[in-house]
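Visitor: quick check, what structure comes out for this input:
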Amino acid sequence: MPLLMLKNLPRYECLLEAAKEFPDLDPSACVAFLHLLHAGDECFHAVEAQLARHNITQGRFGVLMSLMNNCRNDGGRAALSPAELAERTGVTRATMTGLVDTLERDGLVTRAHDTEDRRMMVVCLTPRGRELLHEILPDHFKRMATLMQALTETERKTLVNLLGKITEQAAVMSPAAALHLTPSV
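Guide: The predicted structure follows:
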């Protein structure tokens, strides 16, 4: 779902005019912010279209990737609880329940009782889920590279640093939101 509902971004001159009426409006900050949202929306749509060809949503893809990337200390894969998946993917537990239900129905994940605490459920990637990811990921990675090919390696590093600064500022403004903005390592 797009974050920015504007097809055309406002011209800088219009923002300068609006700043006369709204003194807190910083035109250059507004332009940068709107371009950031617009670029994010365009990237989201590019990925969404690619995933749709595999009949999967971004939410479901995020769950599958979280399960695939969840490694134990010994290098093996560990199952995750629905609560852990919700935290990792930035959705509510109720939303995660729906995502896991759909993924389980399609045979991409299974739910089982935790071996250490039988009261808890864990979610595991099935071989079919792993196969789907191996089918999706080559094109997915190619699409990412294509989206970023307009930037040099140096520009990409600069972009990552600049986005990191914005992420840190957002965390200062909203500590609760910082949990969803901080990438997991």
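Visitor: tell me which residues in the helix or strand hosting Leu85 are buried?
Guide: Secondary structure from DSSP states H and E places Leu85 in helix 82-89. Buried residues in helix 82-89, defined by neighbour count with 16 or more other Cβ atoms under 10 Å: Pro82, Glu84, Leu85, Ala86, Glu87, Arg88, Thr89. (C-beta placed from N, C-alpha, C; glycine too.)
Visitor: ditto for stretch 20-33
Guide: Pro27, Cys30.
Visitor: quick check: end-to-end length of it?
Guide: 19 Å (Cα to Cα, to the nearest Å).
Visitor: how far is it from where the chain is centred?
Guide: 28 Å (Cα atoms, centre = their mean, to the nearest Å).
Visitor: what's in contact with that stretch?
Guide: Leu9, Pro10, Tyr12, Leu15, Leu16, Ala18, Ala19 (Cβ atoms under 8 Å, 6 or more residues apart in numbering).
Visitor: so which of those wins on neighbours?
Guide: Using other Cβ atoms under 10 Å as the neighbour test, the contacts of stretch 20-33 are led by Leu15, with 19 neighbours.
Visitor: model confidence for the residue nearest to it when sequence neighbours are not counted, exactly?
Guide: Counting by Cβ to Cβ, 6 or more residues apart in numbering, Leu15 lies nearest to Pro27, which is 3.9 Å off, once chain neighbours are set aside. At Pro27, the pLDDT value in this model is 93.
Visitor: kindly report the same for Asn73.
Guide: In this model, Asn73 is scored at 48, pLDDT.
Visitor: any stretches of this structure with poor pLDDT?
Guide: 1-6, 71-78, 175-185 (pLDDT under 70).
Visitor: before we move on, the earlier item: quick check, nearest of the buried residues of helix 82-89 to Arg128?
Guide: Lowest distance from Arg128 to the buried residues of helix 82-89 (Cβ to Cβ) belongs to Leu85, with 18.0 Å.
Visitor: what are the ranges of the strands in the chain?
Guide: 109-113, 121-125 (DSSP state E).
Visitor: make a markdown table from these and add mean neighbour count and distance to Leu159 to it.
Guide: Compiled in a markdown table, those are given as follows (neighbours: other Cβ atoms under 10 Å; distance: least, Cβ to Cβ, whole Å):
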| stretch | mean neighbour count | distance to Leu159 |
| --- | --- | --- |
| strand 109-113 | 16 | 34 |
| strand 121-125 | 19 | 31 |
